[in-house]
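Student: whatever this is, show me its structure:
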Amino acid sequence: MKHIIKCLSIALAIIIAACGSKGTKENSESLEGEIKIDGSSTVYPITEAIAEEFRINQPDIRVTVGVSGTGGGFKKFGRGEIDINNASRPIKDQEAKTCQDNNLGFTDLKIAYDGLAVIVNKENNWLQNITIEELKKIWEPAAQGKITRWNQIRAEWPADEFRLYGPGVASGTYDYFTEVVVGESGSSRGDYTASEDDNVLVQGIMGDKNAIGFFGYAYFVENSESLKLIGVDNGKGPVLPDPETISNGTYSPLSRPVFLYVSNASAKRPEVAAFIDFYLENAPTIVPDVGYVPLPQADYQQALQKFSSIK
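Tutor: Take a look at the predicted model:
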């Protein structure tokens, strides 16, 4: 009798589990549609990694993730062409006004921390760290055509000409770097190799012994065997970016939060709401996998509550 009862219990458990699994599957298949995302190349690896996982759970939802820079993404976002903008900086007043003019409400969600890495070629054996003032001397508009050699920055460095690599002017990383280093957002010399695609910058620095550039820390992590990371001195001694120095603020001023901007109208669509919920619930584990620094768990919970109020 005990054996029969045990068998019946196991059978009942299997039936209940099967019903539960079927219900979950049906719920996942009940959502369909398209989610359009664009914007920052810095935030792209996080969003694309989460989108890949989301597609497994929701195969009938098409999620496209483009890269046109934070500024380029905000242009599309303000015109209502995309549902979500990846942003490596907060929205600017003019961008917010465009949204307002087009009756487009939005919600910003902080999703991770990132550091801006200063990078040189692996063969560079004279540069271990650099000060914020030296970075300004290299990148400020007045340097164009005048500051071109390493020994103009420090006398003990070679007399060879350096070559610069950095994000394009539509990039939020460019805006942030110029603001905290040069002192004015969007202000820099123009004679540098610019690209909205950080992989282009990585390849450029890898192939140029006299290269120096900057981009998101995650792209250095991905290519750390082929590039050299430089410490940055803000007056308190050189600091290298890593998950700890980025999150605790000691890698200052080149650490910052990154964001998603979600159209409030889009957020009311079930597929977009499901994606953002999935994003915020899974970010704590996926963000570090792609080389970024996750927020404290409480911050993700607050973001979920904030999003719940509009969806």
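Student: can you tell me how far Pro294 sits from Asn282?
Tutor: Counting by C-beta to C-beta, to the nearest Å, the separation of Pro294 from Asn282 is 11 Å. For glycine as for every other residue, the C-beta is placed from the backbone atoms N, C-alpha and C.
Student: give me the number of residues near Tyr219?
Tutor: Residues lying near Tyr219 (other C-beta atoms under 10 Å) number 20.
Student: that one reaches Ala117, doesn't it?
Tutor: Yes - using C-beta atoms under 8 Å, Tyr219 makes contact with Ala117 at a distance of 7.4 Å.
Student: run through the strands of the chain in chain order.
Tutor: Along the chain, counting by DSSP state E, strands occupy 33-39, 61-65, 84-87, 106-121, 129-131, 163-167, 193-195, 211-216, 227-233, 238-239, 255-263.
Student: possible to save these as CSV with mean neighbour count and distance to Tyr176?
Tutor: Listed next are the strands of the chain as CSV, based on neighbours: other C-beta atoms under 10 Å; distance: least, C-beta to C-beta, whole Å:
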stretch, mean neighbour count, distance to Tyr176
strand 33-39, 22, 14
strand 61-65, 18, 21
strand 84-87, 29, 11
strand 106-121, 23, 7
strand 129-131, 17, 17
strand 163-167, 24, 10
strand 193-195, 18, 15
strand 211-216, 26, 10
strand 227-233, 20, 14
strand 238-239, 16, 17
strand 255-263, 24, 6
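Student: which one of those strands lies closest to Arg269?
Tutor: strand 33-39 (6.6 Å; C-beta to C-beta).
Student: now do that closest one and strand 255-263, the angle between them.
Tutor: Angle of strand 33-39 versus strand 255-263, following axes from the mean of the first three to the mean of the last three C-alpha atoms, to 10 degrees, is 140 degrees.
Student: tell me which other helices or strands strand 33-39 touches.
Tutor: Where contact means 3 or more C-beta pairs under 8 Å, 6 or more residues apart in numbering; DSSP states H and E, strand 33-39 is packed against strand 61-65, helix 69-78, strand 84-87, helix 270-289.
Student: repeat that for 10 Å
Tutor: In terms of contacts (3 or more C-beta pairs under 10 Å, 6 or more residues apart in numbering; DSSP states H and E), strand 33-39 is packed against helix 44-57, strand 61-65, helix 69-78, strand 84-87, strand 255-263, helix 270-289.
Student: check which strands are paired with that strand and give the direction for each one.
Tutor: Its sheet considered, strand 33-39 pairs with strand 61-65 (parallel), strand 84-87 (parallel) by DSSP bridges.
Student: can you add mean pLDDT and give those strands back as a markdown table?
Tutor: Output for those, formatted as a markdown table (pLDDT from 0 to 100):
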| stretch | mean pLDDT |
| --- | --- |
| strand 61-65 | 97 |
| strand 84-87 | 98 |
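Student: where do the contact lists of Pro294 and Asn282 overlap?
Tutor: Tyr300 (C-beta atoms under 10 Å, 6 or more residues apart in numbering).
Student: looking at those two, which is more packed in?
Tutor: For Pro294 versus Asn282, neighbours defined as other C-beta under 10 Å are more numerous around Pro294 (20 against 16).
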